[in-house]
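[1] After the sequence you'll find the predicted model.
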Amino acid sequence: MSIISRKKDKKAILGDSEYLTLKEERRIAKENLQITKHFEKQKRKKIPESDYITQMRDENNIVEFDDLHTFFYTDVGTVRAVNGVSYDIPSGSTVGVVGESGCGKSVTSLSLMRLVQAPQGQIVSGSIRYQSRDGKCYDIAKMPPSKMLEIRGKEISMIFQEPMTSLNPVFTVGDQLDEVVLLHEPGSTKATAKKRSIEMLSLVGIAMVEKVYHSYPHELSGGMRQRVMIAMALACNPRLIIADEPTTALDVTIQAQILDLLRDIRKKMNGSILLITHDLGVIAEMADYVVVMYAGRIVEKGTVREIFHDPKHPYTIGLMKSKPSVSNQVERLYSIPGQVPNPINMPDYCYFKNRCEKCRAICDGEYPELKKFSETHFAACHLYDETGEEYNG
């Protein structure tokens, strides 16, 4: 690639107001390489259990994110994908995380699974407290990779966005399900693994289980592949299931079936679900608690009733206004004006300020703290005082 085209690419990334020379790019790349080397070196050290054993703030929670920071160190700068995120996942509940693409909701879940793409992606600071099945509380952010292998897939499992890219095309569905059981259930034989796999396929509503068990992923429909992914996530009876856009690219009928399936499974297995989506309808139907993210931060969180019936943050209000309605006749669907700030050069003030229809002079100051409206309802906005009352004038 020529220098001119490289410069044009960087200008496109950084915007017209900023310009990155090749010399500056090399300097940033060198600095970030040193940072990522430091993080990778720390991971290779032997970490005693006492360093990552901790205590839950509330024993009713299964996971507690506490001031989590996950950054990506690129050649053009540092992307603060998750920038001080804190929220809880109560046992037996569904927590929905909603926000537009790039807001950090998936990176938060990948941080929980310790699957952030290294060396560029790193958990920089903060805690992810997890109440394990063995009764111990672990800080996953500090846990060594070898210990995480015992939890990932067995106690915390994930349903990824696109099943066709998550399933191996050269192995049958049965081979891949059996592998999960054999890997996480010591002492399992091929026969017991197959029995468990068949049970899971049946549990997720697949009728011809033997046929699907011996099928390759490309031989199945999109909805069927998603059911296989759910069966794989359930194979070891996890305490927490992370569902990352589980209904993407599925038609409305299949979407409803998948959501009903997840709801039924949560009740049967008495587990928790972390549901990541940009679909407010899915959140309204499935979630007990809602977390609204914007540009790597939480702007509002609360119960599903509080978020949908009494939203406080202008971004949340904008999301609610942008929902299509069959009862109201409107000329044009509402859209939030403006664009998300450059992720490499985020401002010190509220990230939503330049798009906010209610912004005030105070919004030019520091990033707002979360204001409390109830025991479960919080929003990060300068429009409200410390007691949660809206400023007048």
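    Yes, it's here. Predicted model only: the values in this text are computed from it and were never measured. Numbering: from 1, shown residues only.
[2] List the buried residues for stretch 217-229?
    Across stretch 217-229, burial judged by 16 or more other Cβ atoms under 10 Å covers 217, 220, 223-229. Yep, even glycine has a C-beta here, placed from its N, CA and C like the rest.
[3] CSV for these, including distance to residue 113 and pLDDT?
    Shown next, in CSV, are the buried residues of stretch 217-229 (distance: Cβ to Cβ, whole Å; pLDDT from 0 to 100):
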residue, distance to residue 113, pLDDT
217, 22, 95
220, 25, 94
223, 24, 88
224, 24, 92
225, 20, 92
226, 19, 90
227, 21, 92
228, 19, 94
229, 15, 93
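[4] Among these, which one sits closest to residue 390?
    residue 226 (42.6 Å; Cβ to Cβ).
[5] residues in contact with residue 282?
    Contacts for residue 282 (Cβ atoms under 8 Å, 6 or more residues apart in numbering) come out as 96, 247, 255, 259, 275.
[6] what's the farthest-apart pair in those?
    Across the contacts of residue 282, the longest distance by Cβ to Cβ is 14.8 Å; it joins 96 and 255.
[7] burial count for residue 34?
    As a burial measure, residue 34 scores 9 neighbours (other Cβ atoms under 10 Å).
[8] ditto for residue 146
    For residue 146, the number of neighbouring residues by other Cβ under 10 Å comes to 9.
[9] so it, which of the three states?
    Of the three states, residue 146 takes helix according to DSSP: H, G, I helix; E, B strand; the rest coil.
[10] got the buried residues of stretch 217-229 as JSON lines, with secondary structure columns?
    Below are the buried residues of stretch 217-229 laid out as JSON lines (three-state DSSP):
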{"residue": "217", "secondary structure": "helix"}
{"residue": "220", "secondary structure": "coil"}
{"residue": "223", "secondary structure": "helix"}
{"residue": "224", "secondary structure": "helix"}
{"residue": "225", "secondary structure": "helix"}
{"residue": "226", "secondary structure": "helix"}
{"residue": "227", "secondary structure": "helix"}
{"residue": "228", "secondary structure": "helix"}
{"residue": "229", "secondary structure": "helix"}
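[11] returning to what we had before: between residue 96 and residue 255, which has more neighbouring residues?
    For residue 96 versus residue 255, neighbours defined as other Cβ under 10 Å are more numerous around residue 96 (26 against 19).
[12] Let me know whether residue 378 touches residue 306 as I believe.
    No: contact criterion Cβ atoms under 8 Å: residue 378 and residue 306 do not qualify, at 9.6 Å.
[13] Among the two, which residue is more densely surrounded?
    Ranked by neighbour count (other Cβ under 10 Å), residue 378 and residue 306 place residue 378 first, with 24 against 20.
[14] which ones are touching the more buried one?
    Residue 378 neighbours (Cβ under 8 Å, 6+ apart): 300-302, 370-372.
[15] got it, and residue 75?
    Per Cβ under 8 Å, 6+ apart, neighbours of residue 75: 25, 28-29, 32.
[16] Buried among the residues you listed? Need that as a selection in PyMOL.
    Applied in PyMOL, the following selects the buried portion of the contacts of residue 75 according to 16+ other Cβ under 10 Å:
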select buried, resi 25+28+32
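[17] Kindly reformat the contacts of residue 75 as JSON lines containing distance to residue 391.
    Shown next, in JSON lines, are these (distance: Cβ to Cβ, whole Å):
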{"residue": "25", "distance to residue 391": "44"}
{"residue": "28", "distance to residue 391": "40"}
{"residue": "29", "distance to residue 391": "45"}
{"residue": "32", "distance to residue 391": "41"}
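[18] Specify which member of the contacts of residue 75 is nearest to residue 143.
    Nearest to residue 143 among those: residue 32, at 24.2 Å, using Cβ to Cβ.
[19] Quickly find the element holding that closest one.
    Secondary structure assignment for residue 32, by DSSP states H and E: helix 22-44.
[20] middle-most residue in this structure, spatially?
    residue 106 (3.0 Å; Cα atoms, centre = their mean).
[21] for the one helix or strand that residue maps to, packing partners?
    Assigned by DSSP H and E, residue 106 falls within helix 105-113. Under the contact criterion of 3 or more Cβ pairs under 8 Å, 6 or more residues apart in numbering; DSSP states H and E, helix 105-113 touches strand 61-74, strand 77-90, strand 94-98, strand 121-131, strand 156-159, strand 240-244, strand 272-277, strand 289-294.
[22] what would these look like in CSV with distance to residue 391 and mean pLDDT?
    Below are the helices and strands packed on helix 105-113 laid out as CSV (distance: least, Cβ to Cβ, whole Å; pLDDT from 0 to 100):
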stretch, distance to residue 391, mean pLDDT
strand 61-74, 27, 97
strand 77-90, 24, 96
strand 94-98, 26, 97
strand 121-131, 31, 97
strand 156-159, 42, 94
strand 240-244, 38, 95
strand 272-277, 33, 96
strand 289-294, 21, 98
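[23] what's the closest of those to residue 365?
    Relative to residue 365, the nearest member of those by Cβ to Cβ is strand 77-90, separated by 16.9 Å.
[24] relative orientation of the helix or strand where residue 262 lies and strand 94-98 in degrees?
    Residue 262 belongs to helix 252-269 when elements are defined using DSSP H and E. Angle, helix 252-269 to strand 94-98, by axes from the mean of the first three to the mean of the last three Cα atoms, to 10 degrees: 140 degrees.
[25] between helix 252-269 and strand 272-277, how big is the angle?
    Here helix 252-269 runs at an angle of 160 degrees relative to strand 272-277 (the same axes, to 10 degrees).
[26] Output helix 252-269 as PDB, nothing but the C-alphas.
    What follows is helix 252-269, C-alpha atoms only, in PDB (Å, rounded to 0.1, in the frame of the first residue of the first chain):
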ATOM      1  CA  VAL A 252     -39.400 -13.300  13.100                       C
ATOM      2  CA  THR A 253     -41.100 -16.700  13.700                       C
ATOM      3  CA  ILE A 254     -37.800 -18.400  14.500                       C
ATOM      4  CA  GLN A 255     -36.700 -15.500  16.700                       C
ATOM      5  CA  ALA A 256     -39.800 -16.000  18.800                       C
ATOM      6  CA  GLN A 257     -39.100 -19.700  19.100                       C
ATOM      7  CA  ILE A 258     -35.500 -19.100  20.200                       C
ATOM      8  CA  LEU A 259     -36.600 -16.600  22.800                       C
ATOM      9  CA  ASP A 260     -39.300 -18.900  24.200                       C
ATOM     10  CA  LEU A 261     -36.600 -21.700  24.300                       C
ATOM     11  CA  LEU A 262     -34.200 -19.500  26.300                       C
ATOM     12  CA  ARG A 263     -36.900 -18.500  28.700                       C
ATOM     13  CA  ASP A 264     -38.000 -22.100  29.300                       C
ATOM     14  CA  ILE A 265     -34.400 -23.300  29.700                       C
ATOM     15  CA  ARG A 266     -33.700 -20.600  32.300                       C
ATOM     16  CA  LYS A 267     -36.600 -21.800  34.400                       C
ATOM     17  CA  LYS A 268     -35.800 -25.500  34.000                       C
ATOM     18  CA  MET A 269     -32.100 -25.100  34.900                       C
END
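[27] This completes my enquiry, with thanks.
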